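*Asks:* just the structure for this:
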Amino acid sequence: MSEKKIVIIGGSAAGPKAASKARRLDENAEIIIIQKEKDLSMASCGYPYYVGGNFPNREQLICTPTGVIRDPQFFRNVKAITAKTETEVFEIDKEKKVLKCRNSITGELFSQDYDRLIITTGSVPNIPNVPGNRLEGISTLQSMQDADYLRKVRDEKKVKNAVVIGGGLIGVETCEALQNSGIKTTVIEILPQLMTFLDVEMAKLVEKHIKSKGVNIITENGLAEFIGVNGILTGVKLNDGTVLPCELAVISIGVKPNSALAVSAGLSAGVTGGISVNEFMQSSDPDIYAAGDCVEIKHLISGKNVHAPFGDLANLQGRAAGENAVLGNSVKFKGTIGTGICKVFDYGAGSTGLTEKSARENGFDIETAINAGPDKPGFMNGKLLITKLVINKPDGKILGAQVTGPGDVSKQLAIWAMAIQGNMTVEDMINADLPYAPPYSLAIDHSITTAHIMQNKMKGRMKGISAYSLKSKLDAGENPFILDLRGPDEFAEIALGIGEKLIPLGALRKRIEEIPADKNHEIICYCKVSLRGYEGAAILGNMGWKNVKVLEGGIGAWPF
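*Replies:* Purely as a prediction, here's the structure:
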């Protein structure tokens, strides 16, 4: 191949991946990474777990799978790539194909020419413009330096109270790290729920679990100001005037694309502020590619451009950009369906595709179904999963799924992500040939059962009602007949306490006179996970009751 010079700005995830892919395809190219920070190829998604003490050595965040540190010497010796760290690119002259650079240690200015440029400058955290936001004791969790600081706080054990501002993925992971480190933690979120990648009834299940771990959660209340004495944080004041005493505050209210350098060079940016790229990760300049958190990409279901700052996507985009910078536009990165997962103490919580809320906002005519059940048999210590499925009603196409619980959330989410990317429908899923053995799954996998529930709803064999809808009815003073079909021992152990009537499923036919005589009276059936609720509803429906519903997910999905 002809010798060419490929320069990459940014050395976190997408940049090193692009450089490495380019090297594998062209041994003769000169490849240079210019990285503003000291570290290279950081596993930034691991920061919360380093802070929480899951592993002892920060170098594990910058190591290969075999334990070799990915530093400039590694890139030089193993990959024949020059990595210039602690060096900032402050100007791109795309006409001359020259970068203006500054060494952050020496202050030296120099120029760097290129034939192909790949911009992987990542994202920057949103910082609230409120009084006191520069006090000592305030941090984000965006960089290795942030992780080092918070790990030091943990290890010193001087901080007793912390506030996490923002209840998204990083906020929840940070909350877990701090709470597990013995720091009493409060999460504040201005919206009505944490984790807005979940619909509200799913998010409230996760919130209930977080609270069970001793975390204080405050929603619908935002940050007003940071309070301090002698430049040191002492508390956080909320919009309603509440003051939360704390020695540490971690800001986690999202990130924005770090695209200012690209925009100042005349490259096009999109609606999210991210660098505009095509399917080849090529910018508006044909010799400049971009990848990772600094770009915006297409959402494959909504068709809209989105900012999707996820480490896996950054690596995939970097791989494509590196190949195309060498070979020309030969491979595509088509976009995202928005798959994400989060560890929440003993729970997993994740989403793929569209939520009910976002599907409606995008104009889809949808149906939803909620399934609660174990991930494998009870005799194999199965753990609870709660799944919410969203489909396009006219054709049954799967639009999205959300999964939470202590069971194997990752497996379920992966199944639904591939179903969505494969343009599958509910009918495609009902007989899916998935691996089965008791140590791993039920005979009918949880995902397939979810599809069966949706199929029953679509065929009119089941009318469902969510926990949130039932709670709204009760709060509004409505009086449906609520039928608990569990056994007396189960009822004694836990009851919803919402005026329910206990009739075990096996006794329902014998005690049918206890059901309202009005065949149009609204009846809501449930049990632990609403399997018996569904069977009871079928019995009543076959006996002529016309307004029988199943509480989807049963007690397992009751978040109140």
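
*Asks:* got a list of contacts for stretch 125-140?
*Replies:* 142, 146, 149-150, 165, 223-228, 231-233, 246-256 (CB atoms under 8 Å, 6 or more residues apart in numbering). All C-beta atoms are positioned from the backbone trio N, CA, C, and that covers glycine.

*Asks:* with stretch 43-50 instead?
*Replies:* 12-13, 55, 58, 60-62, 141-144, 146-147, 151, 170, 173-174, 176-177, 311.

*Asks:* before we move on, back to that, take the contacts of stretch 125-140 and keep only those in helices.
*Replies:* Of the contacts of stretch 125-140, the ones assigned to helices by DSSP state H are 146, 149, 150.

*Asks:* who wins for neighbours among those residues?
*Replies:* Most neighbours among the ones in helices among the contacts of stretch 125-140, by other CB atoms under 10 Å: residue 150, with 27 neighbours.

*Asks:* can you select the buried ones among the contacts of stretch 125-140 for me in ChimeraX?
*Replies:* Applying 16 or more other CB atoms under 10 Å to the contacts of stretch 125-140, the buried members can be selected in ChimeraX as follows:
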select :142,146,149,150,165,223,224,225,226,227,228,233,246,247,248,249,250,251,252,253,255,256
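
*Asks:* so which of the contacts of stretch 125-140 are in strands?
*Replies:* Counted as lying in strands by DSSP state E, out of the contacts of stretch 125-140, are 165, 223-228, 232-233, 248-251, 255-256.

*Asks:* farthest pair within those?
*Replies:* Farthest pair in the ones in strands among the contacts of stretch 125-140 (CB to CB) is 232 and 256. Separation: 28.3 Å.

*Asks:* out of the ones in strands among the contacts of stretch 125-140, flag the one nearest to residue 82.
*Replies:* For the ones in strands among the contacts of stretch 125-140, the nearest to residue 82 is residue 255 (28.6 Å; CB to CB).

*Asks:* shouldn't residue 158 be within a strand?
*Replies:* No. Looking at residue 158 with DSSP: H, G, I helix; E, B strand; the rest coil, it is coil, so not inside a strand.

*Asks:* check what pLDDT it gets.
*Replies:* At residue 158, the model reports a pLDDT of 95.

*Asks:* I'd assumed residue 344 was in contact with residue 172.
*Replies:* Yes. With contact defined as CB atoms under 8 Å, residue 172 reaches residue 344; the gap is 5.7 Å.

*Asks:* joint contacts of these two?
*Replies:* What both residue 172 and residue 344 touch, as defined by CB under 8 Å, 6+ apart, is the set 206, 210.

*Asks:* so between those two, which is more surrounded?
*Replies:* Shown here are residue 172 and residue 344; by other CB under 10 Å, residue 172 has more neighbours (28 against 23).

*Asks:* just confirm the more buried one is within a strand.
*Replies:* No. Using three-state DSSP, the assignment for residue 172 is helix, not a strand.

*Asks:* how near is it to residue 456?
*Replies:* The gap separating residue 172 from residue 456 is 33 Å, by CB to CB, to the nearest Å.

*Asks:* quick one: low-confidence ranges for the stretch 351-500 of the chain?
*Replies:* Along the stretch 351-500 of the chain, no part satisfies pLDDT under 70.

*Asks:* can you show me the strands along it?
*Replies:* Secondary structure of the stretch 351-500 of the chain (DSSP state E, counting those that start in this stretch): strands located at 366-374, 384-392, 397-405, 464-465, 481-484.

*Asks:* right, and these - which one's nearest residue 303?
*Replies:* So among the strands of the stretch 351-500 of the chain, strand 397-405 is nearest, using CB to CB, at 12.6 Å.

*Asks:* all the helices of the stretch 451-560 of the chain, residue numbers only.
*Replies:* Using DSSP state H, counting those that start in this stretch, the helices of the stretch 451-560 of the chain run over residues 467-475, 488-493, 531-542.

*Asks:* make JSON lines out of the ones you listed and add mean neighbour count and distance to residue 217.
*Replies:* Putting the helices of the stretch 451-560 of the chain into JSON lines (neighbours: other CB atoms under 10 Å; distance: least, CB to CB, whole Å) gives the following:
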{"stretch": "helix 467-475", "mean neighbour count": "16", "distance to residue 217": "18"}
{"stretch": "helix 488-493", "mean neighbour count": "11", "distance to residue 217": "26"}
{"stretch": "helix 531-542", "mean neighbour count": "20", "distance to residue 217": "29"}
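
*Asks:* export those helices to CSV and append columns for distance to residue 385.
*Replies:* Compiled in CSV, the helices of the stretch 451-560 of the chain are given as follows (distance: least, CB to CB, whole Å):
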stretch, distance to residue 385
helix 467-475, 16
helix 488-493, 19
helix 531-542, 14
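
*Asks:* who wins for proximity to residue 374 among the ones you listed?
*Replies:* Of the helices of the stretch 451-560 of the chain, nearest to residue 374 by CB to CB is helix 531-542, at 11.1 Å.

*Asks:* who does the closest one touch, helix- and strand-wise?
*Replies:* Contact here means 3 or more CB pairs under 8 Å, 6 or more residues apart in numbering; DSSP states H and E; on that basis helix 531-542 packs against strand 523-526, strand 548-551.

*Asks:* name the residues that touch that helix?
*Replies:* Here helix 531-542 makes contact (CB under 8 Å, 6+ apart) with 373, 453, 456, 461-463, 483, 485-486, 505, 508-509, 515, 523, 525-527, 548-551, 554.

*Asks:* if we go to 6 Å?
*Replies:* By CB atoms under 6 Å, 6 or more residues apart in numbering, the surrounding residues in contact with helix 531-542 are 485, 505, 508, 525, 526, 527, 548, 550, 554.

*Asks:* so which of those comes closest to residue 361?
*Replies:* Using CB to CB, these come closest to residue 361 at residue 550, 26.9 Å.

*Asks:* the closest one pairs with what?
*Replies:* residue 464, residue 525 (DSSP bridges).

*Asks:* what's the spacing between it and residue 526?
*Replies:* Distance of residue 550 to residue 526, given as CB to CB: 7 Å.

*Asks:* same question, residue 164
*Replies:* Counting by CB to CB, the gap from residue 164 to residue 526 is 35 Å.

*Asks:* hmm, residue 190 is touching residue 222, no?
*Replies:* Yes. The criterion here is CB atoms under 6 Å, and residue 190 meets it with residue 222 at 3.6 Å.

*Asks:* show me which residues of the strand or helix carrying residue 74 are buried.
*Replies:* Assigned by DSSP states H and E, residue 74 falls within helix 72-79. Using 16+ other CB under 10 Å as the test for burial, helix 72-79 gives 72, 74, 75, 79.

*Asks:* need the next SSE after it, C-terminal direction.
*Replies:* strand 82-84.

*Asks:* residues in contact with that following strand: which ones?
*Replies:* Residues from elsewhere that reach strand 82-84, judged by CB under 6 Å, 6+ apart: 32, 33, 34, 40, 72, 75.
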